[in-house]
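Student: show me how the following folds:
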Amino acid sequence: MFNTVSGKKIVVLRFAFKKDTGDTRETPAIDVCHGLLGDKAYLTIYDPQVTEDQIKQDLATSKFDWDHPQHLVSAGVTEKTNLSVIKDPYETAKGAHGVCILTCILTEWNEFKSLDYQKIYDAMEKPVFFFDGRNVINVQAMRKIGFIVYLVGKPLDDWIKDLPAAA
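Tutor: Prediction:
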């Protein structure tokens, strides 16, 4: 994303790690979101099954406190000004710079194959970056819409290869 995510709005599709559940125990999304928040990105998270309270609790809880009863966990900051949770995948895209399908790193969700990505693209700032951690989307269709697509283990879009930050 031109060498920085600072100040950019990133859409996170799916927070839980287990397909068709709201199970967030040790989801990789926590670490990815911590990294993005640490780099001063603005996150908008969409997950149809995980509550806003759960997402905020997960992001406020120390990694080593996840498996402890909540009354033994130190209270973290649960209000982050650069984090929002929205229950509509199309609403999350408004004004965003990039989309991450994060927890599909471990599981794939059929829901993300059937979203109207043209509608998502139209609502976002351009250029639009799309990061797919599970290779669940149709790359050619996404590129035809206009997304710059990053897939785990796959080549970069041709034009991005020539940028110094990608080398």
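Student: quick one: classify residue 44 as helix, strand or coil.
Tutor: The three-state label given to residue 44 by DSSP: H, G, I helix; E, B strand; the rest coil is strand.
Student: quick one: contacts for it?
Tutor: Each residue near residue 44 by Cβ atoms under 8 Å, 6 or more residues apart in numbering is listed here: 9, 10, 11, 12, 83, 84, 85, 86, 92, 96. The way it works is simple: take the backbone N, C-alpha and C, and place the C-beta from them, glycine included.
Student: now, which of the residues you listed sits nearest residue 138?
Tutor: residue 11 (18.2 Å; Cβ to Cβ).
Student: ok, now which ones touch the closest one?
Tutor: Applying Cβ under 8 Å, 6+ apart, the residues near residue 11 are 44, 45, 46, 92, 93, 96, 98, 99, 100, 120, 124.
Student: quick check, pLDDT for the residue nearest to residue 147 when sequence neighbours are not counted.
Tutor: Closest residue to residue 147 apart from its sequence neighbours, by Cβ to Cβ, 6 or more residues apart in numbering: residue 130 at 4.2 Å. For residue 130, the pLDDT comes out at 87.
Student: related to what we said a few turns ago, narrow the contacts of residue 44 to those in strands?
Tutor: Judged by DSSP state E, the contacts of residue 44 include 9, 10, 11, 12, 83, 84, 85 as members of strands.
Student: I'd like to know how far the second one sits from residue 128.
Tutor: Computed with Cβ to Cβ, to the nearest Å, the distance linking residue 10 and residue 128 is 11 Å.
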